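Colleague: fold the following, please.
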Amino acid sequence: MAIPNLLGFAKAVSARLVFKPLVYGYSNARVRAMRTTLLSRRQAEDLLKVRTNAAVAEYLSKTSYREDFSGMPLHVSDEDRLEIAISRNFARTAQKLMRITPPQGKPMLLAFLGRYDAHNLKTVLLAKKLMKSKSEIQNLLMPAGSLKPYELERMLSAKTPEELYDAIKSTEFGAKFLSSATIRHIPRWQIKAALQHSESQAAQLDLLLSALDSYYYEVASSAASGADRDSKILLGLIRAEADAKNAITIMRMKKGGADKRSIMKHMVEGGSFSKERLEQMAEAKDFNEVAKLASGFFISETGRGEFASAEKKYAQDGQISHFEVVFESSIARRSLKVLRRSMMSIGAIAGFLFLKEEEMNNIRKIVRGKALGIPPEKVAEMLVLVG
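Modeller: Prediction:
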């Protein structure tokens with residue numbers, strides 16, 4: 001009986017030794033090749049230098065974004081044309097990543113892509129709240145998750161809170177969210193109230209948006225909860241993003257005069273900051289104390305230096321955006337680190353996805369900056385450029 005067991009053990013060891021190279025070799029090679037298509041720092045600087053969004057579109061049409069400009073709707077502005085191309089490119093990239101990811105890694109990648117379902121649903125809810133038209137909001141959607149265009153269309157077309165609730169619940173993502181632990185404690189009538197246009201329900205909507213973020217981090221963290229090294233690295237990246245979101249939320253609400261109880265209601269779960277740490281930040285006596293506690297997020301000398309610089313800029317103009325850029329830069333560097341260090345695993349794919357999202361965000365900042373007439377040097381301060 002010992003021999004079969006020994007043979008079985010040998011086969012198991014052999015399988016583990018060849019598993020990653022065999023399964024992830026092709027997809028990781030493709031992702032590393034795709035990384036060369038990301039816009040470089042120099043290209044981002046070139047986009048900043050051109051004067052108009054028409055020139056931005058012309059520049060991007062000579063890069064990997066070329067095919068995304070074909071078949072554009074007639075009579076759209078340069079800004080809208082760019083928004084459409086950016087969304088198309090990102091969706092195309094996400095679909096490609098899903099195609100090349102081996103079956104073993106698809107559940108984890110799908111969990112990560114859920115961030116765009118959460119984004120799209122939040123965008124729809126905010127659009128409804130602000131009574132924006134479909135044309136105003138469609139270009140801001142990111143068709144990279146599981147929500148289908150017709151499902152988003154149904155949500156945007158809903159005329160009452162009941163119709164909107166039913167449209168959300170009819171989707172796989174919406175049904176899972178509404179039955180999840182992150183929102184199960186909120187009565188159905190209260191959720192529907194949050195979907196109304198009334199200003200009196202703004203606080204309820206904010207709680208719903210926070211619950212969406214918590215749901216995403218819960219699902220993504222669960223998908224990355226393996227015992228192997230790469231799962232731990234990805235889990236760290238997800239937790240860091242949740243921590244950054246909570247830190248910025250506390251900063252914004254603290255500056256607005258919110259109390260500890262209100263702030264804690266808007267915290268998302270899934271980060272590494274303990275509840276006690278978040279409560280310390282929420283009850284800090286002033287903004288400087290909040291910043292001091294938030295600075296513990298940064299573990300590298302580069303990050304700590306950038307945060308100190310953001311504090312000085314904030315002291316001059318009171319703009320929270322300085323801190324947002326620093327947190328985003330830290331997450332982007334961690335994503336790049338995951339991409340570089342994850343060998344033969346889903347980590348390289350997820351790391352690339354985070355970097356591609358940051359590229360999209362950078363282009364959007366440049367496009368909106370030009371549309372609003374913001375000086376290039378000011379826009380440059382908002383960009384997140386790594387690698």
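Colleague: pretty sure Asn120 sits against Leu147.
Modeller: Yes - assessed by C-beta atoms under 8 Å, Asn120 is found in contact with Leu147 at 5.5 Å. C-betas here are computed from N, CA, C, even on glycine.
Colleague: show me the shaky parts of this protein.
Modeller: Along the chain, segments meeting pLDDT under 70 span 1-22, 197-203, 227, 342-344, 387.
Colleague: angles on the backbone of the closest residue to Lys148 other than its chain neighbours, please.
Modeller: Distances taken as C-beta to C-beta, 6 or more residues apart in numbering place Thr171 nearest to Lys148, at 7.9 Å, with adjacent residues excluded. Backbone torsions for Thr171, taken as degrees, to the nearest 10, come to phi -90, psi 150.
Colleague: for Ala258, same thing?
Modeller: When read as degrees, to the nearest 10, the backbone of Ala258 gives phi -70, psi 150.
Colleague: give me the neighbour count for it.
Modeller: Around Ala258 there are 17 other residues, counting by other C-beta atoms under 10 Å.
Colleague: how much space between it and Ala247?
Modeller: 14 Å (C-beta to C-beta, to the nearest Å).
Colleague: what's the answer for Asn361, then?
Modeller: On the measure of C-beta to C-beta, Asn361 and Ala247 end up 18 Å apart.
Colleague: more crowded one of the two?
Modeller: More crowded of Asn361 and Ala247, by other C-beta under 10 Å: Ala247, with 24 against 16.
Colleague: helix or strand for that one, which one?
Modeller: Secondary structure from DSSP states H and E places Ala247 in helix 229-255.
Colleague: after that helix, which helix or strand is next?
Modeller: Later in the chain than helix 229-255, the nearest helix or strand by DSSP H and E is helix 260-265.
Colleague: now that next one - C-alpha only, CSV.
Modeller: Written as CSV, here are the backbone C-alpha positions of helix 260-265 (Å, rounded to 0.1, in the frame of the first residue of the first chain):
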residue,chain,number,x,y,z
LYS,A,260,-17.2,60.3,13.7
ARG,A,261,-20.5,58.4,13.4
SER,A,262,-21.3,59.8,9.9
ILE,A,263,-17.8,59.1,8.7
MET,A,264,-17.7,55.5,9.9
LYS,A,265,-20.9,54.7,8.0
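Colleague: what residues does it touch?
Modeller: Contacts to helix 260-265, defined as C-beta atoms under 8 Å, 6 or more residues apart in numbering, come from residues 207, 210, 249-250, 253-254, 278-279, 282-283.
Colleague: pipe the residues you listed into CSV and attach distance to Ser330 per row.
Modeller: Putting those into CSV (distance: C-beta to C-beta, whole Å) gives the following:
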residue, distance to Ser330
Leu207, 27
Ser210, 22
Thr249, 16
Ile250, 17
Met253, 21
Lys254, 20
Leu278, 18
Glu279, 23
Ala282, 22
Glu283, 25
